[in-house]
Structure formats: structure tokens, C-alpha cells
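Trainee: Build me a model:
(2 chains)
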Amino acid sequence: MTTRVLLLDDNDGTRLTLTALLEAEGFEVAEASCLADARQSLAAAPVFDLALLDRHLGDGQGAELIPVVRAQLPHCRIIMISGSDNDHGGIVDNADACFRKGEDIDELFDKIQALLAS
Amino acid sequence: MVDSSRLTFDPLGSVQLVATIDEAASALRHDLRNKFGSVRSAEYYIRRRLQSTEAWQAEPRLEELSGVIRDEIRVANELLDQRRRLQHLFVAAPSRIDAAECVRRAVACTRVASDCRVEIEQHAEAGNVVADAAELTLAVRCLLENAIEALGESGVVYVRARLETASRYVIEIQDAGGGIQPSQRAMVLAPFYTTKPERAGLGLNIAQRIAERYSGSLVFRDVAVGTIVALELDLEATDA
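Mentor: Numbers count the residues shown, from 1 in each chain, chains lettered A, B, ... in the order given. The predicted model follows:
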């Protein structure tokens, strides 16, 4: 069965490259460039198994979406992605995992696999 | 409050300079990590796609150059983190201070353009917090000057500092300007966001960073007219 991913990031390059990587691994990806778009995606088709949420967005914080995802999709796993100084891969904002931009991509896939297997 | 056109010595000048550099450097590191992340992901994708092709086998430099991209990005990331670790050299050691005194000092050295007729009404209740006095004073001044800019040429800015709960001290700055809609709050907190080309657009960021450095926060509060920005800090714990 296809794993469906919600990818929320306001950086075009991040969305383009992560989508390419995820799709190459067989994931189905829905992109959102802002909180409002992500909320719409969740409202229109709440079928995601995994959410990759950027922390800092033009219209808010990706973490604002965590309670919405938890309420609508209890099985959905959440990974926060960030390039901020204060994020070093530790779990924040009640997410399941965090990934720091610029780090080894294999680490991201390891985290995804571990979460989806749990 | 001082006429900024006559200001010859700013007692918060050096603190503000350090805070501005700190904030600008942090924004730059964030933006660079975004770019590094994209490059690293793109390299990963291209390498995976090419590894099974004849071209990859026939041209050893493809693998070599792919490795150069990975290594350079890794080193660049490490350099960013090394620079960040120097931050502690510029961060003051916190101590027990009266936040009300910081509010009064901030009001006293808030800069107002000579053609503006702005008043600041202040009420500051004593409350001990653990922070650096100069940094907290700067944070309050940033918020005051932001509020003054929102007013335009004249008006009143209110600053109220009080014990909100037994453990929480709050410094509220209120203006009667155009206000900030909830949907705009994230935007105005983005580094370098400003409606005034001559300004850096870092005042709210500096205030937020200082608040968070001392386990506090910067929050917008709903109000019918204008804006209330509140700097919330933990009161110093006292022995029972």
C-alpha cells in the first residue's frame, strides 16, 4: 500500500528536492507551501501516513498543525524539519522526530522507516 | 524618551549592535541551511538515479564529484555550527534584576524622531526576574520603538509591567496604530520584515530572542484597536 506524505515547507527548493526523493522511494506526496494550504489538504483528503512539517513558515509555525494532525489522523507520524539554530534533531513540539536541514538524507529515511514500522 | 535627532550617546548602543549581529547571523544560518538541504537532497537524488547507469560506470569523476558536493555541504554545515558556538562570547551572564527598573530605563532611552509627538505612559510594578538588565532593557525599547512607529506622527504608547500570576511577570506594550491581524503575526516576526525601508526589521526578533533566552516568550494579545505585544518572563523562584 502506498504511503502518503504531507510535505509542508515554504522553501521551493526543499519541496522540489524532498518530493523527488520521496516519490523515488515510492511515497505519494502532497505539497503545501504554507499553513493555510496544509490545512486545506488535511481538510480535503485526511489520508496521510506521514507529515513532514517545516517549523518556520511565512504564515506561522509548522507546529501549529500538530494538534490538527493528531486529532484527525492518530496513526499519522510527524517529523519536524528545520534549519534553525536551536534545532539539533531533538524531538520538539510533540512531534515524533525532527530532522535538521542540510544533514545526511539517509538519516531522514532512517527516521521515516523507523516511525512507519512502529 | 529622547529626541533621536539630538542623541549623541546611546547607552544601549553596544547591546543593540551585538543583538542585531546575532539576529542577522542567525537568519543567515537558517537560510543557508535551507539551501544546503536542497543541494544535498538534489545530489542524493541524482546519484541514486545515475548509479545504475552505464554513464556512472564509464565516468569515475561522476562519483568523485558527487562526493565533493556531499563533503563540501557537510563541512559548510559544520562551519555554521562552529560559528554559532561562538555566540556564548556575546551573551551576558544573567542575574537577579528588577524588571520594572529595566522598563523605566527603556522608556528613558527610547528614541523618537523630533517631528513626532508621542507620549509613553508607564506603570511598572516591581518584580524580580533572572536576566541581563541591559538585554531586557533593549528588548523593551525595541517593542516601544516598534509601537511608536505604528502610531505615526502622534499618539500615546502604554507600557504596563506587572505580576500577572505568582510566577509570571508581564510587560505589555500597547499602541493605537493600525493593528496586526492574527494572520499577519508570523509575517511581522520574520527577520528583516519592515514597512520602513530605513529600518532593519529586527526589533521584534531581538525582543523575542531575548525573551526566549531567559525562558520567556513574546506574544501578541488581542485588542479592539491597535496592538498589544507582551513580553512574558518567569519570576525568580523564591524559597517558600
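Trainee: Now for chain B, the helix or strand with the poorest mean pLDDT.
Mentor: The weakest-scoring helix or strand in chain B, judged by mean pLDDT, DSSP states H and E, is strand B:2-3 (a mean of 70).
Trainee: Check which element follows it along the chain.
Mentor: The helix or strand immediately downstream of strand B:2-3 is helix B:13-50, counting by DSSP states H and E.
Trainee: average pLDDT across that next one?
Mentor: Averaged across helix B:13-50, the pLDDT comes to 92.
Trainee: Contact residues of chain A facing chain B?
Mentor: Contacts of chain A with chain B, taken as C-beta under 8 Å from any C-beta of the partner chain, map to A:11, A:13-14, A:16-18, A:20-21, A:24, A:56-61, A:83-85, A:100-105. Every C-beta, even on glycine, is put in place using the N, C-alpha and C of the backbone.
Trainee: Now a PyMOL select for only the buried ones of these.
Mentor: Buried members of the residues of chain A next to chain B, defined by 16 or more other C-beta atoms under 10 Å in any protein chain shown, are picked up in PyMOL with:
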select buried, chain A and resi 11+14+16+17+18+20+21+56+57+59+60+61+83+84+85+100+101+102+103+104+105
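Trainee: Just confirm A:Gln113 is within a strand.
Mentor: No. Going by DSSP: H, G, I helix; E, B strand; the rest coil, the assignment for A:Gln113 is helix, not a strand.
Trainee: How about the contacts made by A:Asp59?
Mentor: Going by C-beta atoms under 8 Å, 6 or more residues apart in numbering or on different chains, A:Asp59 touches A:34-36, B:183, B:186-187.
Trainee: And the lowest mean pLDDT element among the helices and strands of chain A?
Mentor: strand A:60-61 (a mean of 84).
Trainee: Packing partners of that strand?
Mentor: Using 3 or more C-beta pairs under 8 Å, 6 or more residues apart in numbering or on different chains; DSSP states H and E, the elements in contact with strand A:60-61 are helix B:185-188.
Trainee: Please identify the buried residues of the helix it packs on?
Mentor: B:185-186, B:188.
Trainee: For B:Ala100, which non-adjacent residue is spatially closest?
Mentor: Closest residue to B:Ala100 apart from its sequence neighbours, by C-beta to C-beta, 6 or more residues apart in numbering or on different chains: B:Ala124 at 3.7 Å.
Trainee: so the one you found touches B:Val103, yeah?
Mentor: Yes. With contacts counted by C-beta atoms under 8 Å, B:Ala124 reaches B:Val103, the gap being 4.3 Å.
Trainee: Show me which of the two is the more surrounded one.
Mentor: Set B:Ala124 next to B:Val103 and count neighbours by other C-beta atoms under 10 Å in any protein chain shown: B:Val103 wins out with 26 against 20.
Trainee: That one is in what secondary structure piece?
Mentor: Using DSSP H and E, the element containing B:Val103 is helix B:99-108.
Trainee: How about residues contacting that helix?
Mentor: B:1-2, B:11, B:120, B:122, B:124-129, B:131, B:133, B:136-138, B:140-141, B:144, B:159, B:161, B:169, B:171, B:233.
Trainee: hmm, which of those are the buried ones?
Mentor: B:1, B:120, B:122, B:124, B:127, B:129, B:131, B:133, B:136-138, B:140-141, B:144, B:159, B:161, B:169, B:171, B:233.
Trainee: Cross the residues you listed against strands and list the overlap.
Mentor: B:120, B:122, B:124, B:129, B:131, B:159, B:161, B:169, B:171, B:233 (DSSP state E).
Trainee: Give me the common contacts of B:Ala124 and B:Val103.
Mentor: With C-beta under 8 Å, 6+ apart as the test, B:Ala124 and B:Val103 both reach B:159, B:161.
Trainee: which residues sit in contact with the spatially most central residue of chain A?
Mentor: What sits nearest the mean C-alpha location of chain A, by C-alpha atoms, centre = their mean, is A:Leu52, with 0.4 Å. A:Leu52 makes contact with A:5-9, A:18, A:79, A:81, A:99, according to C-beta under 8 Å, 6+ apart.
Trainee: repeat that for 10 Å
Mentor: Residues in contact with A:Leu52 (C-beta atoms under 10 Å, 6 or more residues apart in numbering or on different chains) are A:5-9, A:14-15, A:18, A:22, A:29, A:62, A:77-81, A:95, A:97, A:99, A:108, A:112.
Trainee: circling back to that earlier point, how far is the least confident helix or strand of chain A from where the chain is centred?
Mentor: Relative to the centre of its chain, strand A:60-61 is centred 14 Å away, using C-alpha atoms, centre = their mean, to the nearest Å.
Trainee: and if you look at stretch B:158-168?
Mentor: In terms of C-alpha atoms, centre = their mean, the centre of stretch B:158-168 is found 21 Å from the chain centre.
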